[in-house]
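[1] can you look at this prediction? I've put the sequence above it.
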Amino acid sequence: MVGGFAGLYGALIEGPRICRFDHRGRAVTLRGHSASLVVLGTFLLWFGWYGFNSGSFNKILSPYTSGSYYGQWSAVGRTAVTTTLAGCTAALTTLFGKRLLSGHWNVTDVFNGLLGGFAAITAGCSVVEPWAAIICGFVAALVLIGCNKLAEKVKFDGKLYNW
């Protein structure tokens, strides 16, 4: 949280990038962003998220209270399922939500939604029911879309460099 507030404060001090908003105050899409690299980077993060959420589960070798000798491997699989459900729900919600708001499809928004869903489920991924992971992803996408709209309205730009 300290890093997040420091980044927010630094972005507020620095202000938006040059040409980020037009003379009427509307947000301008900046050139030079590669959708292919966004997709590749997101898939790499997605793969790593499984290693983080499922791999950091510290109860793998602990037996169930029923005395089963298998350990809690099913909980590791459940963690991967909830991670997938939250991320994919957030991606789909962002896809259709941004389509309704802007009138066009945007792949970078979809992958931002996916990562937002992953971030939203990470803290409780091993204890959340699958149906609740879907709700978590849906709410994460709505928060992402709302915060993006708010950032445009107050002319906030989270990049700390000017062109």
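    Sure thing, it's come through.
[2] helix or strand right after the biggest helix by length in the chain?
    Counting by DSSP state H, the longest helix found in the chain is helix 73-102. Counting by DSSP states H and E, the next helix or strand C-terminal to helix 73-102 is helix 107-121.
[3] where does this protein have low pLDDT?
    30, 32, 57-73, 158-163 (pLDDT under 70).
[4] starting at the chain centroid, how far to stretch 93-104?
    16 Å (C-alpha atoms, centre = their mean, to the nearest Å).
[5] convert the C-alpha atoms of it to CSV, please.
    What follows is stretch 93-104, C-alpha atoms only, in CSV (Å, rounded to 0.1, in the frame of the first residue of the first chain):
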residue,chain,number,x,y,z
THR,A,93,-17.0,-8.3,-18.0
THR,A,94,-14.4,-5.8,-19.0
LEU,A,95,-14.7,-6.8,-22.7
PHE,A,96,-18.5,-6.3,-22.8
GLY,A,97,-18.6,-3.4,-20.4
LYS,A,98,-16.0,-1.4,-22.3
ARG,A,99,-17.7,-2.3,-25.5
LEU,A,100,-21.0,-0.8,-24.3
LEU,A,101,-19.3,2.3,-23.0
SER,A,102,-16.9,3.0,-25.9
GLY,A,103,-18.6,1.3,-28.8
HIS,A,104,-15.5,-0.7,-29.9
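[6] which residues touch stretch 101-116?
    33, 35, 38-39, 42, 45-46, 87-88, 90-95, 98-99, 140-141, 143-145, 149 (C-beta atoms under 8 Å, 6 or more residues apart in numbering). From N, CA and C alone the C-beta is placed, and that goes for glycine too.
[7] again, only this time at 7 Å
    33, 35, 38-39, 42, 45, 87, 90-91, 93-95, 98-99, 140-141, 144 (C-beta atoms under 7 Å, 6 or more residues apart in numbering).
[8] show the buried residues in these.
    Buried residues within these, counting neighbours by 16 or more other C-beta atoms under 10 Å: V38, T42, G87, A90, A91, T93, T94, L95, K98, A140, A141, L144.
[9] name the nearest of the residues you listed relative to G10.
    Closest approach between the buried ones among the contacts of stretch 101-116 and G10, by C-beta to C-beta: L144, at 21.1 Å.
[10] quick check: the residue nearest to that closest one when sequence neighbours are not counted vs I18, distance?
    Of all residues not flanking L144 in the chain, G116 sits nearest, at 4.4 Å (C-beta to C-beta, 6 or more residues apart in numbering). Look at G116 and I18: by C-beta to C-beta, to the nearest Å, they are 27 Å apart.
[11] having no further points to raise, I will conclude here.
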